[in-house]
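K.L.:
make a model of this:
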Amino acid sequence: MVSPPLDDAVDAFVNDTTAALNDLARRASVGRKATLGQDAVSEAFALATAFVDADGNHTDEELWALLAAFAGRYSGLSGLTAPDDLRRRGFVAGQRAWIETPSEVFDLIASADGKFSTGDGWRYYENAMALAYAICAVDEQPSSSELQALDRFRAMMLGTLERCRVSHPITGVPVRTATPPAETAAADPAPRAAAAASNPADAVEAARPLEDLLAELDGLVGLGEVKTEIRQVANLIAVQNLRRAHRLPVVDQSRHLVFTGNPGTGKTTVARLLAQIYRTLGVVSHGHLVETDRARLVAGYVGQTAAKTTEVFTQALGGVLLVDEAYALARGGENDFGREAVDTLVKLIEDHREDLVVIVAGYPMEMTELIESNPGLSSRFPKTIHFADYSNEELVAIFASLCERNSYTLRTATEQRVLAWFADQSRDKGFGNGRLARNLFEATITRQASRVVTITDPTDEQLCMLEPVDIV
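P.N.:
Next comes the predicted model:
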């Protein structure tokens, strides 16, 4: 089997890595340039075999692709002509461990990039990810283990670049594995009944790099399982895009999602980021988020619900439509107009499947009832991502982030008081999570203001410091 994606990825990786190693040798006055090209080939082969081994299933297709891409390049394959030859020689089994730690070659290149701003560390990262994607694209449907391996490999390399203080060669921005989001889950507004923009195409900005969006995702407090799910969604789309670009068959999969969880768990924030990720990966054309709910979709008279639903749906074209508390659409009786809204949504989703993603959100049990209420929903919303409640410690972190963004400071004793306050709250259905943290923050700064206003000529520290007594 010939794999053009893998051939191209190996070529780019070997050429750029050889150039980077030659530059290192020149700087160190090391006279071994004749072997550096083979070092780059060995590095590429190790990376490729690691991803073949990622799921422990070494398919003939993957091994044929290795032979085709590395025959004539890698001397260790001399005389090997079939997949079973690779299996017998143990070239692949156990290689997955290579993904977990930076190789000596990558560490050297990244360190040099951090010192001399060569750009080679970032190019290694891009070429290595392309090679990893190419291996995952050999099989028609990459496995979950392969998608998870892509995520770990990306995190390991970005962590190495950050440790070596590497900056992006074009923007000059230092590489970060996690960046504070512009709007965190704590700052999520209450669900808006109105759409976010009436004509998002009027102000379309350039698509953001995937690495920046994933770093912003990682910068959110908590949401560990959600982050893993979103990164796997992104990895799968990237692999499918690669297969599509090389005219290889792609398994058709729905991009629509169900978000479940209590209020304030970051569903809107993640949906907004996901909309941008979808745009970067070419799933949608604009990447804006339109939020809506039953009140915005359902009318009180016969024939009006379909029109209202269509209007909101049209505003979301090219982006993501988030239907909050979507279960409310199926809560009425047989004659309730909410069911008409669901039927209209199902038809519109089918008619505009190429440039729109719909996310329906709400409590877990109620969302299950909604999906089961219409046969068209279960097939179009096959994936559910659950947003668990924040722990008390995570709520303190959200509270602290609100303080930092608004130039307030916390004493250790105040932070302990905040933790105790969250621990005292009842965690029943409808627990407020991030909204609860915001409510506490707003109540706290109100109490602090009432205290500070009695001080004659307060200092900056007094104006900014939150004391235990300020906590409700």
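K.L.:
can you pull out the low-pLDDT segments for the stretch 201-350 of the chain?
P.N.:
Applying pLDDT under 70 to the stretch 201-350 of the chain flags residues 201-204, 300-303, 331-336.
K.L.:
okay, strands next: where are they in it?
P.N.:
In the stretch 201-350 of the chain, the segments counted as strands under DSSP state E, counting those that start in this stretch are 257-261, 289-292, 320-323.
K.L.:
run through who's touching the longest one.
P.N.:
I take that to be strand 257-261. For strand 257-261, contacts defined as CB atoms under 8 Å, 6 or more residues apart in numbering pick out 267, 270-271, 274, 357, 359-364, 367, 371, 381, 383-389. To be clear about C-beta, it is placed using only N, CA and C from the backbone, and glycine gets the same treatment.
K.L.:
from those, which ones fall inside strands?
P.N.:
When DSSP state E defines the strands, the subset of those inside them is 357, 359, 360, 361, 362, 383, 384, 385, 386, 387.
K.L.:
now those: which count as buried?
P.N.:
Among those, those scoring as buried are 357, 359, 360, 361, 362, 385, 387 (criterion: 16 or more other CB atoms under 10 Å).
K.L.:
a markdown table for the ones in strands among the contacts of strand 257-261, including pLDDT and distance to residue 278?
P.N.:
Putting the ones in strands among the contacts of strand 257-261 into a markdown table (pLDDT from 0 to 100; distance: CB to CB, whole Å) gives the following:
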| residue | pLDDT | distance to residue 278 |
| --- | --- | --- |
| 357 | 93 | 6 |
| 359 | 93 | 11 |
| 360 | 92 | 16 |
| 361 | 91 | 16 |
| 362 | 90 | 21 |
| 383 | 91 | 14 |
| 384 | 92 | 18 |
| 385 | 94 | 14 |
| 386 | 94 | 20 |
| 387 | 94 | 19 |
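K.L.:
which of these sit farthest apart?
P.N.:
357 and 386 (18.4 Å; CB to CB).
K.L.:
in the longest helix anywhere in the chain, what counts as buried?
P.N.:
Longest helix in the chain, counting residues (DSSP state H): helix 4-28. Neighbour-count burial for helix 4-28, with 16+ other CB under 10 Å as criterion, is recorded at 5-10, 12-14, 16-21, 23-24.
K.L.:
please apply the same query to stretch 254-263.
P.N.:
For stretch 254-263, by 16+ other CB under 10 Å, it's 255, 256, 257, 258, 259, 260, 261, 262, 263.
K.L.:
now do stretch 95-106
P.N.:
Buried-residue list, stretch 95-106, by 16+ other CB under 10 Å: 95, 96, 98, 99, 102, 103, 105, 106.
K.L.:
okay, and the last one sits in which element?
P.N.:
Following DSSP states H and E, the helix or strand that holds residue 106 is helix 104-116.
K.L.:
and that helix, what does it pack against?
P.N.:
Applying 3 or more CB pairs under 8 Å, 6 or more residues apart in numbering; DSSP states H and E, we find helix 104-116 packed against helix 4-28, helix 33-52, helix 120-136, helix 144-163.
K.L.:
what packs against the longest helix of the chain?
P.N.:
Looks like helix 4-28 contacts helix 33-52, helix 60-70, helix 104-116, helix 120-136, helix 224-245 (3+ CB pairs under 8 Å, 6+ apart).
K.L.:
quick one: that helix to helix 60-70, angle?
P.N.:
40 degrees (axes from the mean of the first three to the mean of the last three CA atoms, to 10 degrees).
K.L.:
what pLDDT, on average, does helix 4-28 get?
P.N.:
For helix 4-28, the mean per-residue pLDDT is 85.
K.L.:
and that helix with helix 104-116, angle?
P.N.:
Using the same axes, to 10 degrees: helix 4-28 against helix 104-116 is 60 degrees.
K.L.:
cheers, nothing more for now.
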